[in-house]
Every structure is written in C-alpha cells, then in structure tokens.
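In: Below are the sequence and a predicted model for it; my questions follow.
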Amino acid sequence: MSQSPIDPHAHHHAHCLPFGAQLLGAAGAKPRTRFRFWAPSCEQVQVDVENGPAQGVHAMTATGNGWFEATVESGAGTLYRFRLDGEQAVPDPASRFQPQDVHGPSEVIDPRAYRWEHAHWHGRPWEETVLYELHVGAMGGYAGVQQRLPALAALGVTAIELMPLNDFPGQHNWGYDGVLPYAPDSAYGRPDELKALVDAAHGLGLMVFLDVVYNHFGPDGNYLHQYARPFFREGTQTPWGPAIDFERSEVSDFFTDNAVYWLNEYRIDGLRFDAVHAIDNHAWLRELSDHIRAKVQHGRHVHLVLENEHNSANLLEAHFDAQWNDDAHNTLHVLLTGETEGYYHAYEDQPIRRLARVLSEGFAYQGDPSPIHDGKPRGESSGHLPPTSFVMFLQNHDQIGNRALGERLRKLTSDDALRAATGLLLLSPQIPLLFMDEEYGSTQPFLFFTDYTGDLADAVREGRRREFARFSAFSDEKRRARIPDPNDVKTFAASSPPASDAASGDEAKDRLDWMHFYKSALAVRAKLITPRLKHGKALGATVLSGANGGDANALVARWKLCDGETLSIALNLSKESVALGEMPAGKIIFETPPRVREQIDTQVLPSNAFVAWLTGDVSLYAAGHDARIASQQERHA
C-alpha cells in the first residue's frame, strides 16, 4: 500500500499519467496540456489539435526510445489526435475520453473537475463481498445503473461489478472488444457521470468492481500496429492476432498504469482481470499486483480477482484475492440441466463428486487430466486456500451470453432445483456473484451483441453461427440461421432488463417472490455467516447415496468458521428423496422448499432441497451482527 493515508477532506482525485494527455495548471488562466506518445515505428509525430485557440498541428520532440513529447497551451475539452509521419491521424491510446467513438479525436479531460462527496470511503473487507455483475449499457448507462443502486443495496448486494467500459466501436458491445483501455465508452455517458455512479454507490455502502481486459484488443479501432509494432510479439499468435509483449517495459507500464488509473482516479474498489490464461505470464501478473498494492492509498480495501482457465492456485496465495470458479458453475450446470456438450463434457463424469471437491477444496480440476484439453492436466492443488478465494456463480455474462440463444438458467431447469442451487450459492462460504436481474427469477435472454458494420459485421454474425455447428441443437443450417445477429439493435434491446416496476399481475408477483427469496438468504448470510468468514476452512463434503446404493446427486458439506462454530449444508438435486444419514449439528438457518425441516427430522432430504445449519447461539449472534451495515465503520475508519 502507498504510505499516503486516505484524506477524508480530499474531494478531487487524479492519476498522473506518464503518457497520453496530462492537463497542467488547469485552474490557471492559461492551462497547458502535456502530450506524450510512444511511437517507435515512426520517424516523426505531431499532435493535431482540432478545436480551441491552439487549433492546428504542433510538432512533437523525439526524446528517445520511441517517445515523442509536446506541451501545448490548451485546456480541458481540447480535441486532438496524433499524426504519424505527416500522414494518418490516430486517437491517443491512453485517451481519457472519445466523444466521437474510437476513430474520432481524443478529448483532454480534467480529472480533478469532479468533486467526490464520499471522500472518506475506505471500501469493504473482501469477506463481505456479494457481487452483482451488470452491463452498463443494458441497464441504461451510468445514470440508469445509479437509479438501481438503492434496490441492490436493499437486496443485500455489497458490490456491483461493471462489465468492461473501455471504448469500443459503435453504440453497444459486451466490452471485451475494446481498443482504448483508458477511455470509458461515450455511449454510457461522460467520465464525470461514471464518477457520480461510483460516488453514489459508495454512499450506499456498495463497492464498485470493474472488469478489465489486458489479453487482447478488439478488431476495429486499434491502431497500435501502425506506430508501435514492438507492442506485440510478432512470432507468437493468439486467437486475436500477435500476442501482446508484456516483457517490454513500455507495454507493461501501459497496463499497470491503467489498473492504478481506475482505482485511484475513479475510486474503483476492485478489478476483475479477464482471461489471464491468455496472458500466460505469472511473473507479470505478480508484478501487476505488487504495483497496484504499492500505489493505492494506505487503508483502502482494494480487491483483485482473476478469470483463469488454468486454475493457477499459486496466484491466489498472496497476489490475488480470488478467482472466478468456473468449476463450481460447470458442475452445478450439469447437475441442473443434464447438458454435457462443449466444455460441460469435462464435468459429465460424476458431477456430484466434482461439486463435493469444489466445496471442500475450491477447484474441481487440480492437475487432473481434462477431456476438453486433450487429456492434459489442468489446474493446481487448491485445498490449502480459504473458501473466500473462490467466486461462485450460477449465471454470468459468459455462461448465459455464450449460449446461442442466451437462455437464463430458469429456462433450463425447474424452479425448485434452481432455488436449491441458489441457496448453496448464497450461503456457502465462497463469494457469491449474481448476474443482473437474476434476483427476480428473470427468463429474459442475455445475448451476444456488437455494433459492427460492413464486412466485419458479416464475419462476426456468420462466425458466431459456425461456432454452434458442432452442437446437436444447431447441426441444421436452418436452425443456425435463427441465432440472433449480434449487430442487430434488436439483439441488444432483447438483452436489456426491464425497469423494476415494469411488470404487473402474476409476472410482478413472481418477480417479487424470487426477490424475497434472494433477500432472505442474503440476510442470513450477512447476519450469521459473513462476520465470521475470515480464516474459515472447509471440513469436507460427503456425497449421499441413492436408493440403489450408488451416488445420488446430493451431498452434505461443512465448514469451520473463524469463531469455531460449524456451518453445514445439505443439497439434493436428485429427482428422488435421499437418506440424510447423520444429522448435521446446529440449528436450521435456511431451507428450501418451505417446511422441508419436517422431512429432515426423519433424516430424509427431499428432492430439490437445500438446508443450512449453524452451531452456537444463532439468535444472540444475529442480534449483534449484520455485514450489510458494517460498512458504516469503514466509511469513517
């Protein structure tokens, strides 16, 4: 951590970028902007100012190692591009804002113009995290998300996670095709509107996480190859083209500064690093973590989370707080739906035993041969890690949107089974993640959408349809032709959740019933589990037997919490009741379906049931603890 403590009286924040456009003397009568640009593939560079008193082309001085610099008497609102060798003009790769999209000019931004209201905010401890992933565009931009924050806080969510904001071409995109990682996309609002969203979240005790993509750039709007070819390792190919060369200091600094920029200038509380297995450089990832920890203010809770297909447990021992646990999702998905095509094939064999391993050790694959990786070993031993090192989810943008028709899980399984699995999600010691509108039992699809035009639009549409040809449901070409076009604006519209008060009648009652289910489970988590999660550890999981003596799709799992009490859960996703065997110790603190305890008393666990027990004086403990409001202490620490 930085030795600089949080100053509760500091209402303006900026990260001084060593490149791009840095405003100097913004409050003075003659503000200036320093422009710094790395273009090792160019002989000369000019900064082309497109508006204001300094409008015109200004020479930049070569300072060595491919760097060019210039200082121009221009202030906030200045539009500019860099002109390469007197010819093509390109946007700033470190642009703070692109008001005219990725091919237009960059805008000089005064990062200190926004006045933060909740300057005392410290964040929240990781153990208190309940994540809610959302797409800003689908929820109406920054202002639309901000309107929904009070309802999310009331639900029991403690953190929103924004899908990538980095500038992408067009008006709608998942965000993983971004090309300008410092520029929040203009389709969602201006930078100060994003800061207002973060500020409002902090005022409600909500953390804000941001998904960042450092493994590739999108196919439209990335000009780096034209002026900085050494940014890439030309001999190493990825699905997106030549690999990014993280060994080069200029490249490494570009991304490490980006992480610190979001955390310090926008007061983001945590980052989720997309698909770091595609980076495949553990040393650089550790350096990234060390750099971030050194640059954030002392006393802040800042959390770093990985998506990593390699299940690299060693990265979670010190440098990163947690990893998205795809193994948990995939085992539960197979148990709930029976689907075994694609990557679910790796979980087809004994899925209940894989789930038992997930609950007791974290990863299902810990160096085991993976049938979807040509039998090669996948993962590392993870049993020594605490349960909070893993983020569990039943649905997220990938697992819904990467389906051809974007079906929600409620379309694929019964409501009773889904409620039982949701009980496990919300009350296991792993960190839960919800996907937008999940708490209302949504059946609305979340589809893959982009806003490309011309040949690229055709390639994306047809390429996506070809991806599904190997799935039995889409082996027929006519069936594949019905897969929604990602570039059709209707695809985006179909993926946007309705206003919370848009439903009526039976639909409104159904949504309210689901919301109350989530809210009640999260209340139990906040009062009885979260306050004692730190240093908790798994005590193991036992698969229950069916009537024929073989494994039922049912289990019991236990954890020792930090105060010595024991949390136990029982889950049955079988179609029949199973014998529970030895009754877990403690008092029942949650059950679904209602009144299932009457059968539990006869040592029978009904079909599609979930039950949680906790030892100790439950009522006394609940009266004195509630992690939903613990942030009051953090706000004024």
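Out: Okay, I see it. Since the model is a prediction, treat every value here as computed from it, not as a measurement.

In: Dig out what Leu271 forms beta bridges with.
Out: Partner residues in beta bridges with Leu271, using DSSP bridges, are Leu210, Leu304.

In: Hmm, it is touching Leu304, no?
Out: Yes: proximity of Leu271 to Leu304 meets the contact threshold set by Cβ atoms under 8 Å, at 5.7 Å. Quick note: C-beta positions are derived from backbone N, CA and C, even for glycine.

In: ok, the two, which is more surrounded?
Out: Counted by other Cβ atoms under 10 Å, Leu271 and Leu304 do not tie: Leu271 has more neighbours, with 25 against 22.

In: so who does that one touch?
Out: Phe209, Leu210, Asp211, Val212, Ala259, Trp262, Leu263, Ile292, His303, Leu304, Val305 (Cβ atoms under 8 Å, 6 or more residues apart in numbering).

In: quick one: low-confidence ranges for the stretch 501-637 of the chain?
Out: 630-637 (pLDDT under 70).

In: And the helices in it?
Out: Applying DSSP state H, counting those that start in this stretch to the stretch 501-637 of the chain gives helices spanning 505-524, 597-600, 618-624, 631-635.

In: The first one: how far from the chain's middle?
Out: What it means is helix 505-524. 24 Å (Cα atoms, centre = their mean, to the nearest Å).

In: In that helix, which residues are buried?
Out: Buried residues in helix 505-524, counted by 16 or more other Cβ atoms under 10 Å: Arg511, Trp514, Met515, Phe517, Tyr518, Ala521, Leu522, Ala523, Val524.

In: Show me the contact partners of it.
Out: With Cβ under 8 Å, 6+ apart as the test, helix 505-524 has contacts from 130, 154-157, 419, 422-423, 426-427, 434, 438-441, 503, 589-590, 592, 612, 628.

In: Buried ones among those?
Out: Buried among the contacts of helix 505-524 by 16+ other Cβ under 10 Å: 130, 155-157, 419, 422-423, 426-427, 434, 438-441, 589-590, 592, 612, 628.

In: In strands, which of these appear?
Out: Leu434, Ile589, Phe590, Thr592, Ala612 (DSSP state E).

In: Take the residues you listed and write them to a markdown table, including distance to Gly375.
Out: Formatted as a markdown table, these follow (distance: Cβ to Cβ, whole Å):
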| residue | distance to Gly375 |
| --- | --- |
| Leu434 | 35 |
| Ile589 | 43 |
| Phe590 | 40 |
| Thr592 | 39 |
| Ala612 | 38 |
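
In: and of these, the nearest to Glu361?
Out: Comparing these against Glu361 with Cβ to Cβ places Ala612 closest, at 19.9 Å.

In: Nearest residue to the closest one in space, ignoring adjacent ones along the chain?
Out: Spatial nearest neighbour of Ala612, excluding adjacent residues (Cβ to Cβ, 6 or more residues apart in numbering): Phe590 at 4.4 Å.

In: try Gly342
Out: Per Cβ to Cβ, 6+ apart, closest to Gly342 is Phe471, 6.9 Å.

In: Kindly report the same for Pro497.
Out: Using Cβ to Cβ, 6+ apart, the closest residue to Pro497 is Asp437 (4.2 Å).

In: And Tyr132, by the same measure?
Out: Excluding the flanking residues, the one nearest Tyr132 by Cβ to Cβ, 6+ apart is Val157, at 4.4 Å.

In: contacting residues around the one you found?
Out: So Val157 contacts Val130, Leu131, Tyr132, Leu206, Leu434, Leu522 (Cβ under 8 Å, 6+ apart).

In: And the pLDDT for it?
Out: Here the pLDDT value assigned to Val157 is 98.

In: Could you do Phe449 as well?
Out: On pLDDT, Phe449 comes in at 97.

In: wait, doesn't it sit right on Ala493?
Out: No: Phe449 lies out of contact with Ala493 (Cβ under 8 Å); the separation is 9.1 Å.

In: quick one, which of the two is more surrounded?
Out: Shown here are Phe449 and Ala493; by other Cβ under 10 Å, Phe449 has more neighbours (27 against 12).
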